[in-house]
Structures are given as structure tokens and as C-alpha cells.
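[1] Requesting a structural model of the entry that follows:
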Amino acid sequence: MGEVWEGKDLRLNRPVAIKLISTADLASAEDARRRFSREARITARLSHPGVPVVYDFGNDGDLFMVMESLPGDSVGKLNDEYERLPYPWVAFIGAQVCAVLAAAHDAGLIHRDVKPENLVLCPNGMVKVIDFGVATSLGAGEFSTITGYGQIPGSARYMAPELLDGKPASRASDLYTVGCLLYELCTGSRPFQHDDLLREITRSRTEDPPAMEGVPAGLEALIRQLLAKTPEQRPDSAVTGYQGLRPWIRDLPPLHGWVDRDVSADPVHLYAAALSGLE
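    Numbers count the residues shown, from 1 in each chain. Okay, here's the model as predicted:
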């Protein structure tokens with residue numbers, strides 16, 4: 001929702017990103033204000049290298065949020081260009097996402113919309129998780145869900161089966177979206193992909209994902225565990241997901257036009273250092 005513009009902080013002489021939402025044409029301007037305010041406060045609350053820094057937020061007729069400027073582009077565009085990413089890069093991206101989710105979950109927050117378009121790969125190899133607009137609290141809390149009757153927040157094609165049944169979001173439902181992400185990056189297709197949304201949702205409840213050609217058996221097993229139909233069958237935490245992905249980060253091939261230098265696991269170590277118990 002909204003537009004993101006490049007800008008410059010004239011006072012501190014630094015580039016910034018400015019997210020703008022016009023409420024003039026929205027049927028429920030007050031609801032938009034509450035959602036946008038919540039997104040700004042959630043993003044600001046998560047002090048983690050994998051989450052953009054929020055500098056300012058306000059309303060001058062249009063809602064605005066001033067954030068850290070992120071070089072690079074979305075992992076969605078990366079996947080469109082490469083179709084199938086080399087599996088070490090999939091693990092490299094996934095481990096960083098799991099580290100960010102571990103921080104969010106530790107803060108009592110569920111993202112609910114992890115997908116390639118909501119991840120930015122920076123030229124130094126760091127992955128930033130963006131768009132906390134539909135995030136919610138675990139249980140009742142400051143950031144409890146703001147959703148209209150009958151609405152399901154998030155992206156249905158990446159949604160855990162239990163959420164489609166109306167059950168509350170959880171750490172396990174976030175991990176399911178990570179499984180969808182990793183599967184898509186490895187294969188170029190979503191695990192239950194179909195042109196018809198209803199058919200895709202039905203397949204996610206009743207079928208197993210197709211085999212993942214060229215992916216090591218151990219990594220495929222982890223991704224399939226993340227995609228388990230029930231929350232109890234998935235890894236017990238984002239930390240466990242992180243630890244399962246770490247061994248597959250090795251011999252990263254070049255990503256020409258995306259990462260401007262040879263990277264090892266430096267960003268992954270940095271993200272782990274932001275949380276106790278990851279390394």
C-alpha cells in the first residue's frame with residue numbers, strides 16, 4: 001500500500017526513503033492511518049540490522065514514513081531474473097530472514113507477509129525485511145490485528161493452511177511463509193502454483209509440493225518441513241530454521257549486477273550477532 005520515493009535528509013545530508021499514502025481516495029482514511037501508524041511503530045521497535053531504520057513518521061495531509069534508504073532491489077525481481085537461484089544463495093537469504101523473524105518473534109510480533117517482494121537484497125549481501133503493514137502481536141497487545149470482518153491479512157498464495165481456516169497467526173505460520181519463499185527461490189515456482197487462486201489454496205491443503213530438482217536432499221527436507229500442513233510438524237522456532245540453513249551457505253557463486261563484491265557469510269554472522277543463541 002502506498003508509494004516509496006527516494007529523498008534526501010537536508011539536515012543530516014543523507015539519502016532516505018519516503019513511504020507516502022494518500023488518504024484522499026480511501027474509503028476508510030482513519031483505518032489507513034491506524035494501519036500506517038502501526039507499521040511505523042512496529043518497524044521502529046525492531047532494532048535489527050535486517051529491518052530498515054525509521055527516522056520519522058507523520059501526517060501532513062498525506063501519511064508519510066521516512067526510513068533508511070535501501071540500495072538494491074527486491075528478491076522478487078532477483079528471482080524473476082535468475083528463475084532458479086543457486087541453493088547456497090537460497091540458504092543465505094533464508095538464514096537472514098529467519099534471523100529477522102527470530103527477533104520479531106522474540107518481541108512478540110508476527111510478520112504475516114514474508115514473500116520475495118517484501119525482501120530487499122542490498123549490494124553488500126544483506127537482506128532487509130520490509131512491509132510490516134499486516135504484522136500482528138502474539139495474543140492481545142499493542143499491535144493486535146487491525147482487520148475488517150471477513151478479511152484475511154497477508155498474501156493468500158503464501159499463507160499457511162491454518163490461517164486460511166481462520167486460525168490466529170503464529171510463529172509457525174511465519175515459518176510456513178519462509179518455506180514458500182525458499183521453495184520458490186530454489187525452483188522458480190511457488191510450491192502449489194496455479195493460475196487460479198482457489199485451486200492454489202486447495203492444493204496447499206491437500207497436496208505435497210513437487211520434487212525440487214537439483215536441491216540437496218537435506219535442504220529439500222528442511223524446506224518440506226517448513227511447508228508442513230500443521231504447525232506442530234514445522235520447526236519449533238525461527239532460530240531452528242536459521243540453524244538448519246547455516247550449513248548450506250558455502251561457495252556462494254557471483255550474482256552479477258546484484259551483489260557488488262564477493263561475500264561469504266558475513267551478513268549472516270552479523271544478523272546472528274543481533275540475537276543471543278543463534279551461533
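[2] Is residue 215 located within a strand, as I assumed?
    No - under DSSP: H, G, I helix; E, B strand; the rest coil, residue 215 sits outside any strand and is assigned coil.
[3] So it sits against residue 186, correct?
    Yes - assessed by Cβ atoms under 8 Å, residue 215 is found in contact with residue 186 at 5.1 Å. No exception for glycine: its C-beta is placed from N, CA and C like everyone else's.
[4] what about those two, which has more around it?
    Between residue 215 and residue 186, counted using other Cβ atoms under 10 Å, the more crowded position is residue 186 (25 against 19).
[5] Leaving out sequence neighbours, find the closest residue to residue 69.
    residue 15 (4.0 Å; Cβ to Cβ, 6 or more residues apart in numbering).
[6] For that neighbour, give its distance to residue 67.
    Distance of residue 15 to residue 67, computed by Cβ to Cβ, to the nearest Å: 11 Å.
[7] So if I had to pick from those two, which one is more boxed in?
    Between residue 15 and residue 67, counted using other Cβ under 10 Å, residue 67 has the larger neighbour count: 23 against 12.
[8] Looks to me like the more buried one is in a helix.
    No - judged by three-state DSSP, residue 67 forms no part of a helix; its state is strand.
[9] got a pLDDT number for it?
    At residue 67 the predicted local confidence, pLDDT, stands at 93.
[10] unless I'm mixing things up, it is touching residue 55, no?
    Yes - with contact defined as Cβ under 8 Å, residue 67 reaches residue 55; the gap is 6.5 Å.
[11] Now do the shared contacts for the two.
    Shared contacts of residue 67 and residue 55, defined by Cβ atoms under 8 Å, 6 or more residues apart in numbering, comprise residue 16.
[12] Helix, strand, or coil at residue 19?
    Here residue 19 is recorded as strand under three-state DSSP.
[13] Nearest the geometric middle of this protein, what residue?
    Nearest residue to the geometric centre of the chain (Cα atoms, centre = their mean): residue 114, 3.1 Å.
[14] what's the closest non-adjacent residue to it?
    Sequence neighbours aside, residue 177 is the residue nearest to residue 114 in space, at 4.1 Å (criterion: Cβ to Cβ, 6+ apart).
[15] next one: residue 260
    When the adjacent residues along the chain are set aside, residue 260 lies closest to residue 123, with 4.1 Å between them (Cβ to Cβ, 6+ apart).
[16] Need the residues touching each of residue 215 and residue 186.
    87, 223.
[17] From start to finish, how long is stretch 114-121 in a straight line?
    14 Å (Cα to Cα, to the nearest Å).
[18] centre of the chain versus it, how much separation?
    Mean-position distance between stretch 114-121 and its chain equals 5 Å (Cα atoms, centre = their mean, to the nearest Å).
[19] and residue 73, how many residues sit next to it?
    There are 16 residues near residue 73, going by other Cβ under 10 Å.
[20] Can you name the residues bridging to it?
    Counting by DSSP bridges, residue 73 is bridged to residue 121.
[21] Low-confidence stretches in the chain?
    1, 24-29, 139-153, 264-265, 269-270, 272-279 (pLDDT under 70).
[22] Now do the helices in it.
    Applying DSSP state H to the chain gives helices spanning 29-45, 75-82, 87-106, 161-164, 171-187, 197-206, 217-226, 238-245, 266-273.
[23] got CSV for the ones you listed, with distance to residue 3 too?
    As requested, these are exported to CSV (distance: least, Cβ to Cβ, whole Å):
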stretch, distance to residue 3
helix 29-45, 13
helix 75-82, 17
helix 87-106, 24
helix 161-164, 28
helix 171-187, 24
helix 197-206, 26
helix 217-226, 33
helix 238-245, 30
helix 266-273, 28
